[in-house]
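Novice: Please find the sequence and the predicted model below.
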Amino acid sequence: MALKPADFKSDFHNDWCPGCGDFGIISAVQMALAEMNIEPHRLAMVSGIGCSGKTPHFFKAYGVHTLHGRSLPFAIGIKLSNPKLEVIACGGDGDGLGIGAGHFVNSGRRNVDMAYIVYDNGVYGLTKGQAAPTLKLGAKTKSLPVPNINASINPITLALASGYTFVARAYAYDVRHLKEVVKRAIRHNGFAFVDVLQPCPTYNDIQTKEYWQGDGLLDATGRPMPRTYKLEATGYDGVVKTSNEGEMEDKIKQGIMKSFEWGDHTPIGVFYQNEQVPTYEERLGERMPTYNSVPPAEQEIARRDGTPLANISRLLDELRVS
Ligand code: SF4
C-alpha cells in the first residue's frame, strides 16, 4: 500500500510558534519519505537541542533527541551499527554550527551514507533569540539589544571545504522544491548536507518569509521579486560525473564561488554532488569482510542465559600493537 505523509506523523503535540518555518521542513520530509516508500520502521530521526530538536517527537519512526550539538555522532553511530536504516539527523544552525561545529566538519570527511538537515534561522529560538552562527555581522534582530558582534559562518562553504559529497540549500516555505532536494539527499550514496533557510517569525525579523519572498525588491513590472533562485533553472550543474580529481576540484571551487551569493540573489538547490567517493561503510566493509552481511546491530552479543559471546581477551590480542 502506498505510504502517505500522514503515516509519518506522530500524535505528539506540536508547540512550535504559528508560522514557524519548521513546519514546512517536516512537511517536506514527510512527503519525501512517503514518495520514496520508506516505511517508518526503516527510518531513524536524530536531533540535538533547540526548537528543531523536537523534530523526532513529531515523527512516527525511531527517534533520538540527543544532547546539544551531538546529533551527528549519535546518528553516525546508529547508521554504522545498522546500515539498513535510513538515518536523518537534524538541528538548528546554533546546534550544528556552534557547539556542534567540530562534529560537522569531521562528519564531512567520513562520508557516512546519511543525511543532515540544518534548520537555518540565524537565532537560538528556544532560548529567546540570541545570535546564532549564521546571523550576519552587524545584523540586529528584534531579540538583540545591540547588533551582532560576530561574523557569520557560511554553511555551504564550510560543508564543501569539509568533504561533504552532497551539499544543497532549500527554503522552508518552498515545500515542493525542498521535498525534491530532501529526496535527492536521501538517495545520495554518501553524506548529504541540506541547509534550509527557515524563517523564525518570533525572533528574527530580518530574514522573514516576506523578506525571502521579495518584500521591498520589485521587478520591472512592480511585483515583488523572490530573493531566492533555483540553481537548476540556471543550468548550473554541480554533479561530479567521473573519478577524475580535476573534475571534483573544479566542481567544489564552482560550489564555493556560488556559496558567496547572498541577499537579493540567494541560490537554492544542489551546489555539489559526488558519488565517486567511497562511503565510510564501504571502507569498513573492505576492512571487515562480514560488516555488510552481518552489521553490528544484527550480531548476537550474548547466549540465551546471558553469558557474553565476545571474548574480550581475544579482541585485545587482535588490537595489540607489537
Ligand atoms: Fe520556530 Fe522561532 Fe518559534 Fe522556535 S522560536 S518555534 S524557530 S518561530
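Specialist: Right, received. Where do you want to start? Numbers count the residues shown, from 1 in each chain.

Novice: what's the pLDDT at the closest residue to residue 59 other than its chain neighbours?
Specialist: Of all residues not flanking residue 59 in the chain, residue 45 sits nearest, at 5.0 Å (C-beta to C-beta, 6 or more residues apart in numbering). (Glycine included, C-beta is placed from N, CA and C.) At residue 45, the predicted lDDT confidence score is 98.

Novice: what's around residue 45, how many residues?
Specialist: The local packing of residue 45 (other C-beta atoms under 10 Å) involves 27 other residues.

Novice: and it, that's in a strand?
Specialist: Yes: Residue 45 forms part of a strand when assessed by DSSP: H, G, I helix; E, B strand; the rest coil.

Novice: how near is it to the ligand?
Specialist: Distance, residue 45 to the ligand, using C-beta to the nearest ligand atom, to the nearest Å: 17 Å.

Novice: which SSE is residue 184 in?
Specialist: If you go by DSSP states H and E, residue 184 is part of helix 175-187.

Novice: Which helix or strand lies directly C-terminal to that helix?
Specialist: strand 192-197.

Novice: thinking again about what came up before, please save the CA atoms from the helix holding residue 184 in CSV.
Specialist: Output in CSV follows, covering the C-alpha atoms of helix 175-187 (Å, rounded to 0.1, in the frame of the first residue of the first chain):
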residue,chain,number,x,y,z
VAL,A,175,7.9,22.9,0.3
ARG,A,176,7.7,21.3,-3.1
HIS,A,177,11.3,22.2,-4.0
LEU,A,178,12.5,21.3,-0.5
LYS,A,179,10.9,17.9,-0.8
GLU,A,180,12.7,17.2,-4.1
VAL,A,181,16.1,18.3,-2.5
VAL,A,182,15.4,16.0,0.5
LYS,A,183,14.6,13.1,-1.8
ARG,A,184,17.9,13.7,-3.6
ALA,A,185,19.7,13.9,-0.3
ILE,A,186,18.3,10.6,0.9
ARG,A,187,19.0,8.9,-2.4
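
Novice: Could you give me the buried positions within that helix?
Specialist: Residues 175, 177-186 are the ones in helix 175-187 that count as buried (16 or more other C-beta atoms under 10 Å).

Novice: so where do the strands sit in the stretch 201-322 of the chain?
Specialist: Using DSSP state E, counting those that start in this stretch, the strands of the stretch 201-322 of the chain run over 228-230, 239-240, 266-274.

Novice: now for the first one, which elements pack on it?
Specialist: Helices and strands in packing contact with strand 228-230 are listed as strand 266-274; criterion 3 or more C-beta pairs under 8 Å, 6 or more residues apart in numbering; DSSP states H and E.

Novice: Could you pull up the residues touching whichever residue of the stretch 201-322 of the chain sits closest to the ligand?
Specialist: Scanning the stretch 201-322 of the chain for the residue nearest the ligand gives residue 202, at 4.1 Å (criterion: C-beta to the nearest ligand atom). Shown in contact with residue 202 (C-beta atoms under 8 Å, 6 or more residues apart in numbering): 17, 20, 125, 129.

Novice: secondary structure class for the first one?
Specialist: Residue 17 falls in the coil class when you classify it by three-state DSSP.

Novice: How many residues are close by it?
Specialist: Around residue 17 there are 13 residues (other C-beta under 10 Å).

Novice: so how far is residue 16 from the nearest residue to it once chain neighbours are set aside?
Specialist: Nearest non-adjacent residue to residue 17, counting by C-beta to C-beta, 6+ apart: residue 202, 4.8 Å away. Distance of residue 202 to residue 16, computed by C-beta to C-beta, to the nearest Å: 9 Å.

Novice: Got phi/psi on the residue of the stretch 201-322 of the chain closest to the ligand?
Specialist: Dihedral pair for residue 202: phi -80, psi -40, per degrees, to the nearest 10.

Novice: Please tell me the pLDDT value assigned to it.
Specialist: 97.

Novice: just to revisit the earlier point, need the contact list for the residue nearest to residue 59.
Specialist: Per C-beta under 8 Å, 6+ apart, neighbours of residue 45: 55-56, 59, 61-64, 88-90.
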